[in-house]
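pasted the sequence and its predicted model underneath.
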Amino acid sequence: MQEKAIYPIREVSRLTGVNAVTLRAWQRRHGLVQPARTEKGHRLYSEQDIRQIGEILSWLERGVSIGQVKGLLSEPDRPLASDHWQQSLAQFGEAMLTFHQRKAEALLQDLLTSYPFELVRSRVLQPLLDQLLGLWRERPDGELLQRFWLSWLLAHFGRHLIEQEKGSPVSLASWGQIGPLDLLWCAYELVNQGHEVHLVGPCDPRGVTLLAGRVPDRWLVLLGAGLGKRELAERWPASVRLFGALGSLYEPAWLAEQAWSPTLSAALADPRPQGTSGSEGKGT
């Protein structure tokens with residue numbers, strides 16, 4: 001008996017962490033996850049479709065490229081090829097060292113279209129950034145390469161933020177010391193999940209109060225390192241959710257008081273009441 005298709009693409013994206021663009025690319029390019037359609041052409045996914053997405057993610061996490069996954073779903077014992085993530089990291093690193101901007105753009109665009117962003121970030125972008133930040137110690141042109149490619153990455157992800165469509169509005173800020181691209185990557189992930197992001201940048205509890213009425217009253221704040229006792233004594237409004245792995249640097253009791261979540265997805269799923277405004281975006 002065929003399972004009933006009930007989940008729209010926006011909901012599937014929220015449940016699985018795979019954005020709508022990637023789900024559509026899997027269907028069109030690779031014949032993966034074939035949802036039903038409404039009379040108006042909107043995609044509707046079943047529980048079986050969601051389980052298949054989970055299987056696909058499992059293969060991708062193991063280093064299998066998306067082009068190989070369909071064959072492995074039917075023949076899971078087939079020998080695996082070399083690690084796709086390591087290959088992508090090596091190709092991207094070579095493009096950066098040779099100043100090959102077009103190659104870097106094509107590689108990044110393919111990764112962002114074909115794979116969930118969290119995997120691209122953890123397996124390619126973050127290791128690449130770590131390498132980039134250490135180049136000044138290893139090469140005479142290292143500082144030049146670092147400045148150029150940091151600016152290039154900031155421009156690439158910033159462009160996506162500028163071109164975002166209307167969605168569920170949220171203010172995004174940071175508190176404490178974070179990496180140069182961490183907040184922008186969070187913004188990119190939120191946009192892909194249908195949010196309209198107002199990127200505030202570094203902010204403290206007083207800043208939230210000062211901006212009241214001018215930005216969305218639902219706040220997500222990426223918690224960074226280096227906060228002292230004076231800063232930690234400040235109280236955030238109830239509309240704020242703190243998140244981020246660096247929260248583990250602070251006392252558990254304080255984190256519990258602040259409604260902290262270790263990840264962005266956990267902060268979004270937090271059931272506790274929070275300020276909201278604006279309209280929800282739609283997906284097909």
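Sure thing, it's come through.

from now on I want contacts and neighbour counts done on CA atoms only, so please keep to that.
OK.

what segments of the stretch 151-284 of the chain are helices?
Secondary structure of the stretch 151-284 of the chain by DSSP state H, counting those that start in this stretch: the helices cover 182-192, 205-210, 229-232, 252-257, 264-269.

tell me the most buried of the ones you listed?
Mean neighbour count (mean count of other C-alpha atoms under 10 Å) peaks for helix 182-192 among the helices of the stretch 151-284 of the chain, with a mean of 21.

so which elements touch that helix?
Applying 3 or more C-alpha pairs under 8 Å, 6 or more residues apart in numbering; DSSP states H and E, one finds that helix 182-192 contacts helix 142-162, strand 168-175, strand 195-202.

among the helices of the stretch 151-284 of the chain, which one carries the weakest average confidence?
Among the helices of the stretch 151-284 of the chain, helix 264-269 has the lowest mean pLDDT, at a mean of 89.

which residues does it contact?
With contact meaning C-alpha atoms under 8 Å, 6 or more residues apart in numbering, helix 264-269 is reached by 186, 220, 241-244, 260-261.

what sits against Gly244?
Contacts of Gly244 were listed using C-alpha under 8 Å, 6+ apart, and they are 222-224, 260-264.

and Glu11, how far from Gly194?
Separation of Glu11 from Gly194 (C-alpha to C-alpha, to the nearest Å): 10 Å.

swap in Leu154?
21 Å.

which one of the two is surrounded by more residues?
Taking neighbours as other C-alpha atoms under 10 Å, Leu154 and Gly194 compare with Gly194 leading, 23 against 14.

the more buried one is in contact with Val170, isn't it?
No. At 10.5 Å, Gly194 does not count as touching Val170 under the criterion of C-alpha atoms under 8 Å.

among the helices and strands packed on helix 182-192, which is the most enclosed?
The highest mean neighbour count among those, using mean count of other C-alpha under 10 Å, belongs to strand 168-175: a mean of 23.

between it and helix 182-192, what angle do the directions make?
Going by axes from the mean of the first three to the mean of the last three C-alpha atoms, to 10 degrees, strand 168-175 is angled at 170 degrees with respect to helix 182-192.

packing partners for strand 168-175?
So strand 168-175, by 3+ C-alpha pairs under 8 Å, 6+ apart, packs with helix 182-192, strand 195-202, strand 219-223.

so it versus strand 195-202, what angle?
If you take the same axes, to 10 degrees, strand 168-175 sits at 20 degrees to strand 195-202.

and strand 168-175, average pLDDT?
Mean predicted confidence for strand 168-175 is 96.

then stretch 37-56?
Stretch 37-56 comes out with an average pLDDT of 92.

now that stretch: buried residues?
By 16 or more other C-alpha atoms under 10 Å, the buried positions in stretch 37-56 come out as 43-46, 49-50, 53, 56.

in strands only, show me these.
43-45 (DSSP state E).

list the contacts of the residue nearest the centre of the chain.
In the chain, the centroid-proximal residue (C-alpha atoms, centre = their mean) is Glu189; its distance is 3.2 Å. Neighbouring residues of Glu189 by C-alpha under 8 Å, 6+ apart: Phe117.
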